[in-house]
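Enquirer: mind looking at a prediction? Sequence and model below.
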Amino acid sequence: MKKLKVFPKVFLQIFSILIILILFIHLMIFLLFPRIYIESRKSHIVEKSDEIARNLNGRDIKFIEETLDFYSKNSDIGVFIKTNNDNNSLPIKNTKIDLNSSSNSLIIEDRMIELNTGEKLSIQFVSTTDINKEAKKLSFKFLPYSLVISLILSIGISIVYAKLMKKEEIIKLERLKYDFFRGASHELKTPLASLKIILENMQYNIGKYKDRDFYIGECIGIVDKLSHNISQILLISKLENLKDDQENINIGIVLNEIMDQYSVLIKNKNIKFSNNLDGEELYIGKSGLNIVLSNLINNAVNYSDNGGVINVGSRDGWFYLENSCDSEINIDNLFEMKFDLNKKNSNGMGLYIVSRILSNYGIEYRIEKSDIGFVFLIKL
C-alpha cells in the first residue's frame with residue numbers, strides 16, 4: 001500500500017485522534033448523564049409541584065380537575081388527584097411510560113392543597129423518563145457539530161503542519177546540497193592536480209613520463225573517473241525531486257536491469273555474482289532505487305579483486321549486498337566523500353549518495369564487515 005503524503009497522513013492522524021476523543025466524551029456523557037439528569041429532573045418536578053400546588057390552593061374542585069387534566073396533556077409531568085379509597089394507588093396507565101424498558105426513571109411528588117370549601121385534597125405529580133433514550137438523544141444532537149468541528153480543526157492543523165514540514169525539508173535539502181558541493185569541489189581538486197602534474201611532466205619529457213603512450217592512457221583513466229564523479233555531483237541536484245514518489249518496487253526486477261550494464265565488467269574481473277532475491281519489495285521511489293542499486297553494484301565491482309564475490313539477497317527483513325574486498329578498509333568512513341587516484345584510499349561519492357537518498361526516504365540502512373569483506377544492509 002502506498003504511503004500517504006504529509007498533508008493527508010497528518011490529517012488522518014489528527015482526525016482519528018479527535019474522533020476517538022469525541023466518541024470517548026459522548027460515551028462519558030451517556031454513562032454519567034442518567035445520574036445528573038435524574039437530579040436535575042427531580043429538582044424541576046419539585047419546583048413545578050410547589051408552584052402548581054400554590055396556584056391551586058383555595059380553588060374549587062372542578063377548576064382543579066380541569067387544570068390538572070390540561071396540564072397533564074400538555075406536559076411531560078402527569079398530575080392526578082389521589083382518592084381516599086386507595087392512597088397507595090398510582091394511575092400509571094395514564095402516564096407516558098414504557099413498561100418493557102429497564103431504563104425508565106419514575107419520580108413521584110405528593111402535595112396537599114385546600115379547596116375553597118376548606119376540604120383537604122391530595123394531588124400527585126408523576127414523571128417518567130427513559131434515561132438511556134434521553135442520553136442518546138442528547139449525544140446524537142451534538143454529534144454532528146462535534147464532527148464538523150473536528151474536521152475543521154484537522155484540516156487547519158494539517159495544513160499548518162504540512163507547511164512547516166515542507167519548509168524544514170527544503171532547508172534540509174539545501175543544506176545537504178551545500179555540504180555536498182563544498183565537499184565534492186574540494187575533493188575533486190586532487191585528481192585534477194594529479195592530471196596536471198602528469199601532463200606537465202609529459203610536456204617536458206621528464207623521467208618516466210617520456211612514455212607518453214602509457215601515461216596518455218593513465219590520463220584518460222583519470223578523466224573517465226572525473227567524468228563519472230561530475231555526473232554523480234550533478235545527480236545530487238535531483239535529490240529534492242526524490243520524494244513523495246514511493247511505491248512498493250520489486251528489487252530483483254530493477255537489479256536485473258542494472259546488472260546488464262555491469263555484466264562486461266563482472267566478466268572481465270571474473271567476479272562470481274550470486275542473486276538470491278525472491279520477489280522482495282522495497283517502499284521507495286523507482287528513480288531513487290535505481291540510483292541506490294547502481295551505486296552499490298558499481299562500488300562492489302570496483303572494490304572486488306579479480307575472482308571476487310558479490311552476493312545479493314535478503315534475510316531477517318533486510319536486503320543485503322555483500323562483496324569481497326580488502327579487509328583493511330575502514331567501514332566507518334565509507335559514507336564520507338573522499339577521492340584519490342589510489343583506489344584503496346578513495347571512497348568516491350557512490351556510498352555517500354546512497355546514504356543521502358535512503359535517509360531522504362527515511363529508510364534504515366547500515367554497513368557491516370563480513371567473512372569475505374563487507375555487506376550493505378537496507379531495511380525492507
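Expert: Perfect, thanks for sending it. Residues are numbered from 1 along each chain as shown.
Enquirer: okay, CA-based contacts and neighbour counts for the rest of this
Expert: Will do.
Enquirer: off-centre distance for the longest helix along the chain?
Expert: The residue-count maximum for a helix in the chain (DSSP state H) belongs to helix 131-203. Offset of helix 131-203 from its chain centre (C-alpha atoms, centre = their mean, to the nearest Å): 13 Å.
Enquirer: so which other helices or strands are in contact with that helix?
Expert: The contact analysis (3 or more C-alpha pairs under 8 Å, 6 or more residues apart in numbering; DSSP states H and E) places helix 131-203 against helix 6-56, helix 212-236.
Enquirer: which of these sits closest to Val160?
Expert: Across those, Val160 has its closest neighbour in helix 6-56 (9.1 Å, C-alpha to C-alpha).
Enquirer: helix or strand next in line after that closest one, which one?
Expert: Sequence order places helix 61-73 as the next helix or strand after helix 6-56, per DSSP states H and E.
Enquirer: for that following helix, name the packing helices and strands.
Expert: By 3+ C-alpha pairs under 8 Å, 6+ apart, helix 61-73 packs against strand 77-82.
Enquirer: what comes up buried for the helix or strand just after the strand it packs on?
Expert: Using DSSP H and E, the next helix or strand after strand 77-82 towards the C-terminus is strand 104-114. Buried positions in strand 104-114, judged by neighbour count with 16 or more other C-alpha atoms under 10 Å: 104-105, 107-111, 113-114.
Enquirer: and stretch 259-279, C-alpha only, in CSV?
Expert: Output in CSV follows, covering the C-alpha atoms of stretch 259-279 (Å, rounded to 0.1, in the frame of the first residue of the first chain):
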residue,chain,number,x,y,z
MET,A,259,23.2,-5.8,-13.9
ASP,A,260,23.1,-5.7,-17.7
GLN,A,261,25.2,-2.6,-17.5
TYR,A,262,27.9,-4.3,-15.4
SER,A,263,27.9,-7.7,-17.0
VAL,A,264,31.0,-7.0,-19.0
LEU,A,265,33.0,-5.6,-16.0
ILE,A,266,32.0,-8.6,-13.9
LYS,A,267,33.0,-11.0,-16.6
ASN,A,268,36.4,-9.3,-17.2
LYS,A,269,37.2,-9.4,-13.5
ASN,A,270,35.9,-13.0,-13.2
ILE,A,271,33.6,-12.0,-10.3
LYS,A,272,31.2,-14.6,-9.1
PHE,A,273,27.7,-12.9,-8.8
SER,A,274,25.0,-14.6,-6.8
ASN,A,275,21.4,-13.3,-6.8
ASN,A,276,19.3,-14.9,-4.0
LEU,A,277,16.3,-12.5,-4.2
ASP,A,278,12.8,-13.9,-4.4
GLY,A,279,10.3,-11.2,-5.1
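Enquirer: am I right that Tyr320 sits in a helix?
Expert: No: counting by DSSP: H, G, I helix; E, B strand; the rest coil, Tyr320 falls outside a helix, being strand.
Enquirer: still on that earlier bit, need the buried residues of strand 104-114 in CSV with distance to Asn360, can you?
Expert: Shown next, in CSV, are the buried residues of strand 104-114 (distance: C-alpha to C-alpha, whole Å):
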residue, distance to Asn360
Asn104, 62
Ser105, 63
Ile107, 68
Ile108, 71
Glu109, 73
Asp110, 77
Arg111, 79
Ile113, 84
Glu114, 88
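Enquirer: Leu351 against Asn295, yeah?
Expert: Yes: contact status for Leu351 versus Asn295: in contact at 6.8 Å, counting by C-alpha atoms under 8 Å.
Enquirer: now mean pLDDT, mean neighbour count and distance to Tyr71 too, for the helices and strands packed on helix 131-203, in CSV please.
Expert: Putting those into CSV (pLDDT from 0 to 100; neighbours: other C-alpha atoms under 10 Å; distance: least, C-alpha to C-alpha, whole Å) gives the following:
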stretch, mean pLDDT, mean neighbour count, distance to Tyr71
helix 6-56, 79, 15, 10
helix 212-236, 77, 14, 84
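Enquirer: want to throw these into a markdown table with distance to Ile378?
Expert: Output for the helices and strands packed on helix 131-203, formatted as a markdown table (distance: least, C-alpha to C-alpha, whole Å):
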| stretch | distance to Ile378 |
| --- | --- |
| helix 6-56 | 23 |
| helix 212-236 | 20 |
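Enquirer: about what we covered before: kindly reformat the buried residues of strand 104-114 as TSV containing pLDDT and distance to Ile22.
Expert: Listed next are the buried residues of strand 104-114 as TSV, based on pLDDT from 0 to 100; distance: C-alpha to C-alpha, whole Å:
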residue	pLDDT	distance to Ile22
Asn104	64	27
Ser105	70	27
Ile107	78	32
Ile108	83	35
Glu109	85	37
Asp110	87	41
Arg111	88	43
Ile113	88	49
Glu114	86	52
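Enquirer: tell me who's in contact with Gly313.
Expert: Contact analysis of Gly313 by C-alpha atoms under 8 Å, 6 or more residues apart in numbering lists 275-278, 319-321.
Enquirer: wait, what's in contact with Glu200?
Expert: Glu200 neighbours (C-alpha under 8 Å, 6+ apart): none.
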